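Engineer: What shape does this take:
(one chain, ligands or ions: 3)
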Amino acid sequence: MSKTIIISNRLPLQLQIDNNTIKATPSVGGLATGMKSVHRDSNGVWIGWTGLTEEETPEELVDDVAKAAQDAQCVPVSLTEEDIDGFYYGFSNRTIWPLFHYFMEYTEFEKESYQTYVEVNKKYAEVVLENIEEGDTVWVHDYQLMLLPELIKKERPDVQIGFFLHIPFPSYEVFRTLPWREEILKGLLGSDLIGFHTYDYQRHFLSSVSRILRHEVSFNEITLKDRIVTVNSYPMGIDYDKFADAAAKHDAAKNQSELQRRLDLHIDSTPDAKMILSIDRLDYSKGIANRIRAYEYFLEKYPEFKEKVRLVMLAVPSRSNVPQYQLLKKEVDELVGRINGKFASVSWTPIWYFYRSMPFENLIDLYTTCEVALLTPIRDGMNLVAKEYVATRTDKTGVLILSEMAGAAQEMSEALIINPNNFEEIADALKQAMEMPEAEQIKRNKFLQKRLKRYNVEKWADDFMHSLHDTTHKSDIVKAIRMRQDQEDEMFDAYKKSEKRILFLDYDGTLRGFVNNPEDASPDDELIELIRSIHSQENTEVVIISGRDRHTLGTWWQDVPITLIAEHGVWKRPVGGEWAVTENLKNDWMETVRPILEKYVDRTAGTFIEEKNYSLAWHYRNADPDLGEKRASELSTVLKELSANNELGVLDGNKVLEIKDSTIHKGKAVTKHIFGKDYTFKFAIGDDWTDEYMFQDLPDEAFTIKVGLQKTAAKYYVDDTDRVRDLLKKFAAS
Ligand SMILES: O=P(O)(O)OC[C@H]1O[C@H](O[C@H]2O[C@H](CO)[C@@H](O)[C@H](O)[C@H]2O)[C@H](O)[C@@H](O)[C@@H]1O
Ligand SMILES: O=c1ccn([C@@H]2O[C@H](COP(=O)(O)OP(=O)(O)O)[C@@H](O)[C@H]2O)c(=O)[nH]1
Ligand SMILES: [Mg+2]
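Structural biologist: Ligands and ions are numbered 1, 2, ... in the order given. Below is the predicted model:
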């Protein structure tokens, strides 16, 4: 039976050695807590790190580690102390984590730790590859494993790979500062589906892909030369019933409350004070220090709340080997001390601070006992605590104050949404929360609960997996015409048998790859020799048919006696003859169009005009991709309006707009060329939109081939110009 393989840095259980035996505790953090139920309900395995390094595991306990993992349907990846240093404390948490959370001043770019990151990703890949069976689906999680999809895809192209990023993807301007930006993007693009919590993270990612790797991005699809990668957003949910049920049970047994016990013990004798809860890993991205300061500001601005409120703050130790986390610990300790010192009275401590992790029952106790939750991350991928708090409010009372910088804020508009840097706003939100009538609390939470219950973690995972399975289907639609070996054999067979053969070859993007400056795309020696040799075969005619001007083509193919067609069919140089115009064309329209194009060149850096006798082309391949596309569509509208009364046409080529007589196109040119001649083998190959005319206008029996994975009227497609070369070599050898 096929299975799902989940892979994340950390396994859902963390192993420790206690008295020479292995002890397992649940992992803390959103990824592990959220995916746990998905894993439990599937027959899959989870691959990840146990929390123990090789050095920490004595020889005699190695089997026990594997056994403890296996009992929980997990497979451990064995890592050394050095691995953890460079990979986890290094590149993952001193480079990617701060950078992706916009803490650029905390970001370190260390080559060594990147190298360890690469090595460790390879270690994960090894374990994954050992465990994959045919038909399995792979789901890779988070920023520690961004190279993994490519490493798996290379070895197992047959396996479907999904990737989900649990943290924000930063804007291009931030991401571009990473020295290994290309490697990271390429690693991720090994996936078939890439998921983010929000649309903003998704669009930042797509923008980086199109700017840095220059891949074609349309809507949420990235076209690679042989595959399509789908990108979408899936806001992660929680195991709603688990939290709601536990809260209901807890409510039924009120005396269980540890907080209540504390009050009963008179540690603090203001039992009526409202409790404001905050729970997070002690992480600078969570805005903990700001939160305490904002709370201080609140007590100053609204002193009537002194002794009427209490901040209950749970900070879970996290990544404490990273200096920034140690500094934060110190800062928070000091802030709590200072503020408690400043405001406390004999009967009231304004902040209760716990620095540890708590078992599930105690979390439920906190969630259900506190009237307000105050979550103020500076940046947070999602923030599941916000969702958990709302889910445990069985009677629907309680107020959630949530930072707009948390992914969760996008779905939780009924909460009081604040900017974590705006203390004024936080203080006012706290006051509003304290005074909010119960009816309003219930009204807000009703909406929130309904949504959380519906789009729970199970639904989220299902949604992601369905989209992942749909991706095969998507590539199949286009792959249906990818030229297979038997079809290729059949074509060469027909070629060999034919008594009169013609090949129409597009130039740029087909015989030669794109270069930044079109003048530099001259044919190499091998290409010239191949064309010459095919053309010299008996009864064989090669026609290079291009949108280029006749001078360039003529110079490049000066000594090769083939037919050249330039400017999409305006000019023709027959074998052994001179260039001649094929039609009577006017070009007086150019005086009106040229200044318009010039205006677009001035406004759009990197673009330029190419002048031909009967057409003008505006190239934008060197422009910023987004801006280029926007300006092109704007310009195309302007030109189409202008050309409505003339016989002008606007051709949308590959990063080029060409304006010319609309009665001229490659389809007409090939039709005229073969008219009245009895070719028994017809072949046409091209890469862009303008070649579609040839594919459409040639008779059905022609072999038509598109270069690149795109929608086309051609019968087949091949991946790239290297494959075109292979075909030419086979023609030459036939
Ligand atoms: O494994 P650690 O280094 O101890 O860190 C714990 C996890 O923190 C991060 O969680 C994120 O995932 C949550 C669920 O999607 C999301 O709500 C939150 O905003 C994120 O910060 C991290 O992404 C995980 O890899 C860590 O395991
Ligand atoms: O002592 C604790 C405190 C928190 N959590 C859980 O840790 C997760 C935190 O996830 P969140 O998305 O809020 O933030 P992250 O830590 O993943 O950045 C939540 O599911 C909490 O229930 C926990 O298991 N033990
Ligand atoms: Mg071309």
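Engineer: Please make it C-alpha for all contacts and neighbour counts, starting now.
Structural biologist: OK.
Engineer: any low-confidence regions in the stretch 151-300 of the chain?
Structural biologist: Residue ranges of the stretch 151-300 of the chain with pLDDT under 70: 254-256, 258-269.
Engineer: Which residue ranges of it form strands?
Structural biologist: Secondary structure of the stretch 151-300 of the chain by DSSP state E, counting those that start in this stretch: the strands cover 160-164, 193-196, 216-218, 221-223, 228-233, 274-281.
Engineer: Mean neighbour count added to the ones you listed, as TSV?
Structural biologist: Converted to TSV, the strands of the stretch 151-300 of the chain look like this (neighbours: other CA atoms under 10 Å):
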stretch	mean neighbour count
strand 160-164	27
strand 193-196	26
strand 216-218	16
strand 221-223	18
strand 228-233	23
strand 274-281	23
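Engineer: check contacts around the residue of the stretch 601-734 of the chain found nearest ligand 1.
Structural biologist: In the stretch 601-734 of the chain, the residue found nearest to ligand 1 is Asp626; the distance is 28.9 Å by CA to the nearest ligand atom. Applying CA atoms under 8 Å, 6 or more residues apart in numbering, we find Asp626 in contact with Ser207.
Engineer: now do Asp719
Structural biologist: Contacts of Asp719 by CA under 8 Å, 6+ apart are 225-226, 707-709.
Engineer: got the residues of the chain near ligand 3?
Structural biologist: Selection of the chain residues close to ligand 3 by CA under 5 Å from the ion yields 508-509, 687.
Engineer: What is the nearest of those residues to Gly569?
Structural biologist: Asp508 (15.5 Å; CA to CA).
Engineer: isn't Asp697 right up against Lys672?
Structural biologist: No. Contact between Asp697 and Lys672 fails when scored by CA atoms under 8 Å: they sit 10.4 Å apart.
Engineer: Tell me which of the two has more neighbours.
Structural biologist: More crowded of Asp697 and Lys672, by other CA atoms under 10 Å: Asp697, with 16 against 13.
Engineer: which residue packs closest to that one, ignoring adjacent ones?
Structural biologist: Counting by CA to CA, 6 or more residues apart in numbering, Gly667 is the residue found nearest to Asp697 once chain neighbours are left out, at 5.2 Å.
Engineer: circling back: for the strands of the stretch 151-300 of the chain, could you give me a markdown table that also reports distance to Met436?
Structural biologist: A markdown table is the format used below for the strands of the stretch 151-300 of the chain (distance: least, CA to CA, whole Å):
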| stretch | distance to Met436 |
| --- | --- |
| strand 160-164 | 38 |
| strand 193-196 | 34 |
| strand 216-218 | 46 |
| strand 221-223 | 45 |
| strand 228-233 | 33 |
| strand 274-281 | 12 |
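Engineer: Export those strands to TSV and append columns for distance to ligand 1.
Structural biologist: TSV is the format used below for the strands of the stretch 151-300 of the chain (distance: least, CA to the nearest ligand atom, whole Å):
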stretch	distance to ligand 1
strand 160-164	9
strand 193-196	9
strand 216-218	26
strand 221-223	23
strand 228-233	12
strand 274-281	8
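Engineer: What's the per-residue pLDDT of the residue in the stretch 351-500 of the chain positioned nearest to ligand 3 here?
Structural biologist: Relative to ligand 3, the nearest point of the stretch 351-500 of the chain is Arg482 (18.4 Å; CA to the ion). Looking at Arg482, its pLDDT stands at 78.
Engineer: Run through the bridge partners of it.
Structural biologist: Tyr717 (DSSP bridges).
Engineer: Quick check: the gap between it and ligand 1.
Structural biologist: Counting by CA to the nearest ligand atom, to the nearest Å, the gap from Arg482 to ligand 1 is 38 Å.
Engineer: And Glu499, by the same measure?
Structural biologist: Look at Glu499 and ligand 1: by CA to the nearest ligand atom, they are 65 Å apart.
Engineer: how's this protein carved up into domains?
Structural biologist: 4-233, 240-454, 485-583+664-733, 590-660 (automatic domain parsing).
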